[in-house]
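In: what's the 3D shape of this:
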Amino acid sequence: MNPSDTPALPPPFPRCERFKFEPISGPPGPLLFLENLLKHPGRILYELENGHPKALALWLLALGVGGMAIYGLVVGSLAGGAQLWIAPAKLALGTLLSVLICLPSLYIFSCLGGSDARPGAVAGLLAAMVCLSALLLVGFAPVAWIFSQSTDSAAFMGALHLLFWLIGLFFGLRLLGGMSRLRGESGRAHLRIWAAIFILVCLQMTTTLRPLLGRSEHLLPDEKKFFVSHWVDSLSGKR
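Out: Residues are numbered from 1 along each chain as shown. Model prediction:
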């Protein structure tokens, strides 16, 4: 066989440049925003910097809070009854409150990291992080639902939901770090400190808005607790 008869290899696929700084192409809408958030987050950052940051940030936040509410249906399906609307409402409210509580500190840490971002752009970055985390939770929802229908163990389901939430948050924080580096922020220590604060706030929020998995005579608790104490009491059978 002559070398000239050897079939030519196809050209390699172009490298996926997820963080390429360019505008979004196509009519704006939630599906387009979600697609670019997954495939081309650099375009999301471009729109936050040069397009309509307020509108995009509100869309991303609404999609993130809505995704948490959808996952809340699975959380509430363990107990059923009123928890089918209480759990989604609490998860959506807890997510929104956590974002509002941690947004000022994210802006301050971003400035300390060398960013000259406007508060609106930083709010959009946080909304993108929450939206991606919620989108992953929606993807995990069928798996969590299967277990919620086959077990009555609140401890196991709580650990499973916590695991899925941490996975979603990991990729959300990874997205936030990539966007921050694209903006020219130096160092990662400030984001790691903020990430630890955000995780603590979210975990405490689940205890503040308890119960999420089980039923209770009260919509909200009348006793203050640290989330670690709440977990220990729940595992030991205490209320």
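In: Sketch out the low-pLDDT regions of the chain for me.
Out: Along the chain, the parts satisfying pLDDT under 70 run over 1-17, 184-187, 237-239.
In: Grab the most central residue of it for me.
Out: Residue closest to the mean C-alpha point of the chain, counted by CA atoms, centre = their mean, is S133 at 2.4 Å.
In: I figured that residue hits R174, correct?
Out: No - S133 is beyond contact range of R174, at 10.3 Å (criterion: CB atoms under 8 Å). C-beta here means a position set from N, CA and C on the backbone, and glycine is covered the same way.
In: Find residues that contact each of those two.
Out: Common contacts of S133 and R174, defined by CB atoms under 8 Å, 6 or more residues apart in numbering, are absent altogether.
In: still on that earlier bit, the residue nearest to the centre of the chain is in what secondary structure piece?
Out: Secondary structure assignment for S133, by DSSP states H and E: helix 119-150.
In: With Y71 instead?
Out: Going by DSSP H and E, Y71 is part of helix 53-76.
In: helix or strand right after the helix holding S133?
Out: Counting by DSSP H and E, what follows helix 119-150 is helix 154-182.
In: Packing partners of that following helix?
Out: Here helix 154-182 touches helix 41-50, helix 119-150, helix 189-208, helix 227-235, going by 3 or more CB pairs under 8 Å, 6 or more residues apart in numbering; DSSP states H and E.
In: same thing but at 10 Å, please
Out: On a contact count with 3 or more CB pairs under 10 Å, 6 or more residues apart in numbering; DSSP states H and E, helix 154-182 meets helix 41-50, helix 53-76, helix 83-112, helix 119-150, helix 189-208, helix 227-235.
In: Of all the ones you listed, which one is nearest F21?
Out: Shortest distance between F21 and those, using CB to CB, is found for helix 41-50: 5.0 Å.
In: Send me the closest one as CSV with only the CA atoms.
Out: Included here for helix 41-50 are C-alpha records, laid out as CSV according to Å, rounded to 0.1, in the frame of the first residue of the first chain:
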residue,chain,number,x,y,z
PRO,A,41,-19.8,31.1,30.5
GLY,A,42,-17.4,33.7,29.0
ARG,A,43,-20.4,35.0,27.0
ILE,A,44,-22.4,35.4,30.2
LEU,A,45,-19.6,37.4,31.7
TYR,A,46,-19.4,39.5,28.5
GLU,A,47,-23.1,40.4,28.8
LEU,A,48,-22.7,41.2,32.5
GLU,A,49,-19.9,43.6,31.6
ASN,A,50,-21.1,45.1,28.4
